[in-house]
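[1] When you get a sec, could you give me coordinates for this:
(one chain, ligands or ions: 1)
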Amino acid sequence: MLLRSGAMIGGCGPEFEPMRLGWDDHSSEGETDDCTFVTTRSSFSAEDSDGRVENNYYIFPSCPGKTEAARSCTGTVEVTPSPLTGMEVTPSTPGRMEITSSIPVKMKVTAPPPVEMGVTSSLNVWLDAPPPPPVRIEVTEPSSVTLTPEQQQVLDLVQGGKNVFFSGPGGTGKTVVLQEIVKFFRQRYNKSHSGIFHLRHSCECFACNVAITAPTGIAAIPIGGSTLHRATGIGIPRRLGDFNRMWDRPIRLKWRNLSVLIVDEISMVSAELLEYLEQTIRRIRTEEMNLPGEPFGGLQVIFAGDFFQLQPVEVKDRKTCGDQFLNRGLAFEAPAWDRANLKTVILKRVFRQKDVHFVALLNGIRTGENKAALEEIYRNCSRRLPVADGILPTVLYSRNSDADHFNKQKLNGLMSREVVLNADEEILTKEGFKPEEERDEVLRQVQERILFRAEFWKECIAPDQIKLKTGAQVMLLRNLELEGNESDLVNGSRGILVGWKRKEQVLHECLQLLRGFVAIMKMRPETNEECKARNRVEQQIENLRNSAIDDIPIVKFMNGRRIVCVPEKFSYEFFNVGECTRRQVPLKLAWALTIQKCQGMSLDYVVVNLHEIFAMGQVYVALSRARSMAGLQVVGKCSATDVKVCHRVVEFYKSLAANEVAYVGKFLFPDMKFEIPPEEMVANARRKVDGRLVTGRTSMP
Ligand SMILES: Nc1ncnc2c1ncn2[C@@H]1O[C@H](COP(=O)(O)OP(=O)(O)OP(=O)(O)O)[C@@H](O)[C@H]1O
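    Below you'll find the predicted structure:
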């Protein structure tokens, strides 16, 4: 992409001359105002010669104050998205350039056309030119909506410091209200983050005070959050011991300092997960801050979601040992829900669909009260949807296998070369940390057998083999960037495969990028963003070096980002046994999606396949994604009796309507302990000493 006229690049650093470049563009792109970036000319770039600039530059946005000593020249600046992390500069609106990532952007600077109007390509001409004022890089906030009185009531309760649960059918604006809540907390905690977690003093910045979470990446994007598993640092728990990860020092300090916990799509959080999280958070905060054991350690908790929608997926295989985490129950069945003393608001006005009749039909399916509703939707929506401008409707299936079959068919229809990507898999036994001579062979074999048979190999979202072609519709399997804006690339982001790159070339570019980061570090302390980005590049280099995949796919995503999808590490650590690792490109085919993946979305054009519906809430979630009956086609046989509605949820909402709390906190599995013994939680807190995992209490500083 060519950028236009007058944007400034400042340089800094001991071994580099500071420089400022104006740029000119002969392409047809729109006008731009001046922008200020800070850049370093990395040491591997060729030096300027005879006044011409022909180099690679890395822009480090958000580093004001480094441009004062800059000098200028004119030139054409070609900004190419990094092949590694998809960094780019995009024109948001005419007249403004917006940086969409805090990660470096690779630029190619070429000399300008022949001298015009006294302007020369020599850097020196502009040496003494006064630097133009820097332009603030603006973050686009989602546009404001006017909240309805019921939505405002939620906001008022939150502002009053109450613990709140708000619910309502799909499309009633739960996510919108959460966005307003997040805005409110951003204003309250508006101090910038120093980058250091204080042990004794609280920090006033937003990120240190408010954890915005959802059980899935897709649900977390619209509210600018991260997955609950990532925020808690436990990953996807398989054993109770996995909750001990929250005692690791950085995570523990984070939870100590927090003031608010927000969880969207709470219906997908199990009672077990909520309960263990509450206990762990309470214990951490009680121990760290000497607080009496208040629920959630005194955090303000805000839960949003509709329990008539998708539920947590229970672990069915219970053959293994007693401390297995089974993800059972619904969040309101956890004793922690009861302890939290939540104020409840039920939103009633549906915004997603304008047609009140369609809304009524959907609600009849949601609660199971209108058995004829599904029939009527079949009658109206069984015809084919027209194909407009080649845009195909998204097909939703209940089962992974059906979506996979459809995707394979579409892939076979593409004429381009098929590339088979085989994952690299490895296990590392805990013994592996010891020197060879100290290994106990029998123990090692036992550990290896456990690791080879781990459920991880079949549960891992990244398959051991993926077949892809240029032109394939794909979906991302990893949260690559989750900063809460439209440029995020998250688990579930949709895109199209547009080409391939050789591994050696990607690796070479990664190394260049890393050198850029190292150069920055030599000049001044890294910012948090730079540190995160450098770690990411280091990870990519490690993953590339450990992977035998030679062709790396380039994907263009729906938000316009175009990135090289390098293999990612998908791993699971067995406490005291070792680690299973699979390295695979984080993509899957996506002509069709599963209903599970589309919770929270609004779709204009959708084909819902109701064949073999099996889970609670599935029919309702699938149909209620459609904005109108005109944009909905229903296929596949399904009768009213196949529509499953959970009676526990019906009871729960009845008790809420009657203003009773009798149903809350009554978990239905008698074998459930719901108490992690304190000595397990604390004494087994793991810490890393010299790269080895050891057990023992994590000492307080
Ligand atoms: N007060 C409001 N004014 C105008 N539009 C609104 C308002 N509240 C919500 N909407 C619109 O309604 C649609 C659905 O909102 P949202 O996604 O927040 O619903 P939801 O309850 O979270 O749905 P789901 O349960 O399916 O995730 C969006 O297009 C949103 O912009």
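[2] So what does Val315 have for phi and psi?
    Main-chain dihedrals, Val315, degrees, to the nearest 10: phi -80, psi 120.
[3] oh, and call the first residue 20 from now on, that's how I've got it
    In the new count, where the first residue is 20, that last one comes out as Val334.
[4] isn't it right next to Leu292, touching?
    No. If you go by Cβ atoms under 8 Å, Val334 and Leu292 don't touch, sitting 11.3 Å apart. The way it works is simple: take the backbone N, C-alpha and C, and place the C-beta from them, glycine included.
[5] shared neighbours, the two?
    Shared contacts of Val334 and Leu292 (Cβ atoms under 8 Å, 6 or more residues apart in numbering): 344, 346.
[6] What's the local residue count around Pro544?
    Residues near Pro544, counting by other Cβ atoms under 10 Å, number 9.
[7] whoops, Gly187 was the one
    Neighbours of Gly187 under the rule other Cβ under 10 Å: 22.
[8] correct me, but it touches Leu366?
    Yes. Using Cβ under 8 Å, Gly187 is in contact with Leu366, at 3.2 Å.
[9] between the two, what contacts are shared?
    Common neighbours of Gly187 and Leu366 (criterion: Cβ under 8 Å, 6+ apart): Lys193.
[10] And Val334 and Leu292? Which one has more around it.
    Taking other Cβ under 10 Å, Val334 and Leu292 do not tie; Leu292 has more neighbours (26 against 18).
[11] The more buried one belongs to a helix, doesn't it?
    Yes. Membership of Leu292 in a helix is supported by DSSP: H, G, I helix; E, B strand; the rest coil.
[12] which ones are touching it?
    Residues in contact with Leu292 (Cβ under 8 Å, 6+ apart) are 247, 256, 331, 344, 346, 350.
[13] which of the residues you listed lies closest to the ligand?
    Closest to the ligand out of the contacts of Leu292 is Ala350 (15.1 Å), distances taken as Cβ to the nearest ligand atom.
[14] What's the local residue count around that closest one?
    The local packing of Ala350 (other Cβ under 10 Å) involves 26 other residues.
[15] And Val439, by the same measure?
    10.
[16] now the nearest residue to it once chain neighbours are set aside, what's its secondary structure?
    Setting aside the residues directly before and after it, Val439 is nearest to Lys486 in space (Cβ to Cβ, 6 or more residues apart in numbering), at 5.4 Å. At Lys486 the chain is in strand, as set by three-state DSSP.
[17] Can you name the residues that contact Lys486?
    Contacts for Lys486 (Cβ under 8 Å, 6+ apart) come out as 430, 437-440.
[18] Among these, which ones are in helices?
    Among the contacts of Lys486, the members found in helices (DSSP state H) are Leu430.
[19] Get me the contact residues on this structure for the ligand.
    Residues of the chain found near the ligand (Cβ under 6 Å from any ligand atom) are 164-167, 170, 189-195, 325, 370-371, 619, 621.
[20] Any of these buried? List them.
    The neighbour-count criterion (16 or more other Cβ atoms under 10 Å) marks 166-167, 170, 189-195, 325, 371, 619, 621 among these as buried.
[21] any chance of the residues you listed in a markdown table, plus secondary structure and pLDDT?
    Shown next, in a markdown table, are those (DSSP: H, G, I helix; E, B strand; the rest coil; pLDDT from 0 to 100):
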| residue | secondary structure | pLDDT |
| --- | --- | --- |
| Leu166 | coil | 92 |
| Thr167 | coil | 93 |
| Gln170 | helix | 95 |
| Gly189 | coil | 91 |
| Gly190 | coil | 89 |
| Thr191 | coil | 93 |
| Gly192 | coil | 90 |
| Lys193 | helix | 93 |
| Thr194 | helix | 88 |
| Val195 | helix | 89 |
| Asp325 | coil | 95 |
| Arg371 | coil | 88 |
| Gly619 | coil | 74 |
| Ser621 | coil | 72 |
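[22] could you list every residue that touches the residue in the stretch 220-369 of the chain positioned nearest to the ligand?
    Going by Cβ to the nearest ligand atom, the ligand is nearest to Asp325 of the stretch 220-369 of the chain, at 5.1 Å. Applying Cβ under 8 Å, 6+ apart to Asp325 gives the contacts 186-189, 193, 286, 385.
[23] and if you look at Asn565?
    Contact analysis of Asn565 by Cβ under 8 Å, 6+ apart lists 443, 602.
[24] Counting neighbours, what do you get for Val596?
    Residues lying near Val596 (other Cβ under 10 Å) number 19.
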